[in-house]
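Peer 1: Show me the folded form of this:
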Amino acid sequence: MDTLQNMRVFVRVVEAGSFTGAAQHLNTTTAYASRAVSDLEAHLRTRLLNRTTRRIALTEAGERYLQRCEQILAYVDQAEAEAGDAHARPSGKLKVHAMTSFGQHYVVPAVGRYQQRYPDVSIELTLAQRMPDLLDEGFDVSLTLATGLSDSGLVSQRLGSAFSIACASPAYLERHGVPQTPADLARHTCLQMVTPVFPTDKWIFDGPNGEETINLGPTTFQVNVAEAMAVAVSSGMGVGLIPIYSAISGLRSGDLVWLLPEYTSQEMNLYALYPSRQYLDAKIRTWVEFLRDELPVTLAVDQEELRQFARS
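Peer 2: Numbering: from 1, shown residues only. Coordinates of the predicted model:
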């Protein structure tokens, strides 16, 4: 017995409201449609349809079975479409969220490269520090930085990692001296990046001696965007932890100096989050695959340039 085909006939009979109507749609005979449903009922050992000479009606078991059949057939149709249309070009609007500073430095350039490959996709990019509710707010993909993920029911793809470094301006260091160890920072003006992930009263460094924690006193300045922190530090307001993607421009120009180059802090993973693997739209699939190929390379290039600053 061809169970899958019989499921298709059963669904069509219900949709048409009769065996004759289903047979006409399927270009077969009424007897074939009737036999397909009877074979299913015999296989399941339960009645799916109540029949009279004038009409048919689903039984309670038939209603439950119909829902499952529709789901199974949708999966089969999707698999066949993907296999038979492997070269289809994604199209339509892709609504993307990304963390603000990371999005400015990495996601915006990636959008341009992606659209060169897939010109039929338009991207609506929202930059925000908060993690949105993808379903309620209608985002297709969120690119978020976190130390780990809670069980949200979303599908996640890890795309790489990034960390922060301690920086100050040349003018600040001329006035206050250059710290040689993390412990020396306790005597400096330390500016605070406010995030939901890391505490504001301490900095935790990873270095040659393992993990070192520095407790901080009251701060003179707090901000929640890395770009603003980079501006504050480069203007001489104090020492700050700045993500590498926000610090690298200042390091190139000389407006920032990397302090304690053997140490890093606040390492976070980058994740692409999207609602479901089921019926995944081609534009979502290709966007995530594109980022999975592109971003680790871009991050590695910046980290290698950072090592050049450490050696100079």
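
Peer 1: Mind jotting down where the strands sit in the chain?
Peer 2: Remark: strands assigned in the chain by DSSP state E are 49-51, 56-58, 92-98, 121-127, 141-146, 155-168, 190-193, 202-207, 210-215, 222-223, 239-243, 257-258, 264-274.

Peer 1: List the buried residues for the first one?
Peer 2: Within strand 49-51, the residues that qualify as buried are residue 49, counting by 16 or more other CB atoms under 10 Å. Heads up, the C-betas are built off the backbone N, CA and C, glycines and all.

Peer 1: Show me what the mean pLDDT comes to for it.
Peer 2: Averaging pLDDT along strand 49-51 gives 88.

Peer 1: and what of the last one?
Peer 2: Taken as a whole, strand 264-274 carries a mean pLDDT of 91.

Peer 1: Same question for the third one.
Peer 2: With pLDDT averaged residue by residue, strand 92-98 scores 93.

Peer 1: Now do that strand: which elements does it pack against?
Peer 2: Where contact means 3 or more CB pairs under 8 Å, 6 or more residues apart in numbering; DSSP states H and E, strand 92-98 is packed against strand 121-127, strand 141-146, helix 282-311.

Peer 1: How far away from the center of its chain is it?
Peer 2: The chain centroid and the centroid of strand 92-98 are separated by 11 Å, computed with CA atoms, centre = their mean, to the nearest Å.

Peer 1: Next, the contact list for residue 33, please.
Peer 2: By CB atoms under 8 Å, 6 or more residues apart in numbering, the contact list for residue 33 reads 9, 12, 13, 19, 20, 22, 23, 26.

Peer 1: Among the residues you listed, which one lies nearest to residue 257?
Peer 2: residue 12 (72.3 Å; CB to CB).

Peer 1: What about the nearest residue to the closest one once chain neighbours are set aside, how many residues nearby?
Peer 2: Leaving out its chain neighbours, the residue that sits closest to residue 12 by CB to CB, 6 or more residues apart in numbering is residue 22, at 4.2 Å. Neighbourhood size, residue 22 [other CB atoms under 10 Å]: 26.

Peer 1: before we move on, what about residue 228?
Peer 2: 17.

Peer 1: 370 is where my numbering starts, stick with that
Peer 2: Sounds good: first residue 370 from here, last item residue 597.
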